[in-house]
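Participant: Need the 3D shape of this:
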Amino acid sequence: MTYLETLVVDLWSEHGFIEFRCGFSLRSDHVLESLTVELPAAD
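Facilitator: Next up is the predicted model:
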């Protein structure tokens, strides 16, 4: 069984861009894995 230790979800708007960030870490390794998707606000 795999246990989730941390879960982060963030929606951010700055300097004409919209960012969606998510990340997680597992209890077994404590390493934060993350993904960021950035789009121009006009889209």
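Participant: Distance from the chain centre to stretch 34-43, please.
Facilitator: Offset of stretch 34-43 from its chain centre (C-alpha atoms, centre = their mean, to the nearest Å): 11 Å.
Participant: Quick one: mean pLDDT for it?
Facilitator: The average pLDDT within stretch 34-43 is 88.
Participant: same question, stretch 6-26
Facilitator: On average, stretch 6-26 scores 93.
Participant: what's next to it, contact-wise?
Facilitator: 2-5, 31-42 (C-beta atoms under 8 Å, 6 or more residues apart in numbering). The C-beta positions use only the backbone N, C-alpha and C, and glycine is treated the same way.
Participant: does residue 25 have beta-bridge partners, and which?
Facilitator: residue 6 (DSSP bridges).
Participant: one step back: pull out the buried residues from the contacts of stretch 6-26.
Facilitator: With neighbours counted by 16 or more other C-beta atoms under 10 Å, those contain no buried members.
Participant: residue boundaries of the strands in the chain?
Facilitator: For the chain, the strands defined by DSSP state E occupy 4-14, 17-26, 33-40.
Participant: Of all the residues in the longest one, which ones are buried?
Facilitator: Neighbour-count burial for strand 4-14 flags no residue at all (criterion: 16+ other C-beta under 10 Å).
Participant: Quick check: residue 25 vs residue 16, distance?
Facilitator: To residue 16, residue 25 is 31 Å away according to C-beta to C-beta, to the nearest Å.
Participant: With neighbour numbers in mind, choose between those two.
Facilitator: Taking other C-beta atoms under 10 Å, residue 25 and residue 16 do not tie; residue 25 has more neighbours (16 against 8).
Participant: Roughly how far does that one sit from residue 38?
Facilitator: From residue 25 across to residue 38, the span is 22 Å (C-beta to C-beta).
Participant: sorry, back to before: for the contacts of stretch 6-26, work out which two are farthest apart.
Facilitator: Farthest pair in the contacts of stretch 6-26 (C-beta to C-beta) is 3 and 42. Separation: 40.9 Å.
Participant: Show the contacting residues for residue 5.
Facilitator: Counted by C-beta under 8 Å, 6+ apart, residue 5 has contacts 24, 25, 26, 27, 30.
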